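In: The following comprises the amino acid sequence and a computationally predicted model.
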Amino acid sequence: MNREFLGWNAASLEGLAPLEHAASWLAERFGPDMHGVLVALPGARSGRILGESIARKVGSSLQPPRVVTAGLASDELLAVEGTPAGRLVRTLAWKQALSGLDAGVLSWIVARPPENEDLVGWMRLAEEVRGLFGEVAAEGLGFADVAENDLLATLDGEQRRWQALALAQARMVDLLESAGFVDPHLGRLQAIRAKATRAVREVVLIGVSEMNQLLRSALDLCEAPVTALVFAPAERAESFDPHGALIPEAWQPWETSLDAEAQWHVVDGPAEQARCAVGVIASWGGRYAAEQISIGLADREVAPYLQAVMGECVVTARDAAGTPLESTRPAVLLDAVARFLEGSR
């Protein structure tokens with residue numbers, strides 16, 4: 001691991017300074033031949049902007065790098081055996097595994113499980129458990145590992161819940177294997193244990209200030225040079241770990257630069273929050289382009305209100321999390337047809 005500290009100026013909120021600085025660093029380091037270089041950033045949108053910036057700096061002779069999000073970088077570094085199951089296949093496997101549990105064991109996971117014919121209810125439960133498993137697996141654990149943790153030794157209810165989830169996980173794995181698939185989360189963990197890696201020319205992390213244990217392990221196994229570009233001065237090196245991620249404790253004594261009177265706005269309710277946010281952006285008088293503005297939400301409840309208020313202003317807001325499948329037009333149509341067939345209304 002190598003860390004390059006680019007200074008506070010590179011992390012300026014004015015314009016696209018961080019990504020422009022990173023693009024310049026890449027162009028200077030590799031020139032037009034970036035083939036085989038793996039670049040990881042916190043988000044997909046920043047990756048697209050970086051790619052455009054590199055292309056402008058290098059020109060038509062560019063052989064571009066492979067640009068991915070930090071969450072997908074481990075897949076580029078680890079050699080997973082077998083055919084990874086897609087999200088829908090895994091959700092169906094979890095649904096089958098959960099619905100096949102003994103009623104008593106299932107009650108440890110959910111107090112009121114869906115009725116046998118409630119497919120939507122089972123799928124929602126399966127999606128929730130699948131997402132939870134993804135979070136646990138990202139830290140190099142399975143449900144059984146959590147159940148065996150000493151912290152749960154005195155919490156019988158919690159321990160039983162994780163033990164029940166471990167049983168469901170075992171059934172899910174069996175179902176996928178019988179269909180010729182492998183769970184990608186478990187496949188990554190097995191690749192780490194087997195030290196099975198993919199060959200890359202070099203790895204560059206750009207502004208990846210936090211990472212899970214899975215990515216850390218994949219980086220440690222990587223035989224190619226790994227560089228983390230950190231948007232902070234070298235004198236703050238002790239505040240970042242060897243992978244270039246923040247050490248939270250080192251930042252706790254720091255005061256924020258926010259002016260409570262000038263930069264904090266207190267309003268009542270999500271609708272008022274949305275109008276206030278739009279008002280603040282309007283007060284900038286068009287000084288920033290749309291791609292230079294990001295709105296962070298502490299509560300997802302505000303998102304629909306924000307999109308509605310911006311729509312009234314003829315401004316399109318894009319949710320970085322994407323559109324949930326159940327909110328797409330085909331899914332809404334299928335749901336309406338299903339409800340009509342059930343009740344003829």
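Out: Nice, thanks for sending it over. Numbers count the residues shown, from 1 in each chain.
In: what residues does the helix or strand harbouring residue 165 touch?
Out: Following DSSP states H and E, one finds residue 165 within helix 156-178. For helix 156-178, contacts defined as Cβ atoms under 8 Å, 6 or more residues apart in numbering pick out 85, 89-90, 93-94, 96-98, 100-101, 105-106, 108-109, 129, 132-133, 142-144, 146-147, 152-153, 182-183, 186. Just so you know, the C-beta spots here come from the backbone N, C-alpha and C atoms, and that holds for glycine as well.
In: for that helix, what is the average pLDDT?
Out: Mean pLDDT, computed over helix 156-178, is 93.
In: next one: that helix to chain centre, how far?
Out: Chain-centre distance of helix 156-178: 24 Å, with Cα atoms, centre = their mean, to the nearest Å.
In: Flag every buried residue along the helix or strand just after that helix.
Out: Sequence order places helix 184-194 as the next helix or strand after helix 156-178, per DSSP H and E. Residues of helix 184-194 classed as buried by neighbour count (16 or more other Cβ atoms under 10 Å): 184-192.
In: what lines up beside the helix or strand following helix 184-194 in the sheet?
Out: Downstream of helix 184-194, the next assigned helix or strand under DSSP H and E is strand 202-206. Using DSSP bridges, strand 202-206 pairs in its sheet with strand 37-41 (parallel), strand 226-230 (parallel).
In: how about these in CSV, adding distance to residue 275?
Out: Below are the strands paired with strand 202-206 laid out as CSV (distance: least, Cβ to Cβ, whole Å):
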stretch, distance to residue 275
strand 37-41, 32
strand 226-230, 37
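In: Among those, which comes closest to residue 8?
Out: strand 226-230 (10.8 Å; Cβ to Cβ).
In: Off-centre distance for the closest one?
Out: With Cα atoms, centre = their mean, you get 19 Å for strand 226-230.
In: One more: stretch 22-30?
Out: Distance, centroid of stretch 22-30 to centroid of chain: 26 Å (Cα atoms, centre = their mean).
In: Same check on stretch 98-108?
Out: The answer for stretch 98-108 is 30 Å, by Cα atoms, centre = their mean.
In: For that stretch, give me every contacting residue.
Out: Taking Cβ under 8 Å, 6+ apart as the rule, stretch 98-108 contacts 109, 113, 116, 122, 125-126, 129, 157, 160-161, 163-164, 167-168, 171.
In: Among these, name the buried ones.
Out: 109, 113, 122, 125-126, 129, 160-161, 163-164, 167-168, 171.
In: from the residues you listed, which single one is nearest residue 323?
Out: Closest to residue 323, out of all of the buried ones among the contacts of stretch 98-108 and judged by Cβ to Cβ, is residue 126, at 20.1 Å.
In: Look up which helix or strand that closest one falls in, please.
Out: Going by DSSP H and E, residue 126 is in helix 119-137.
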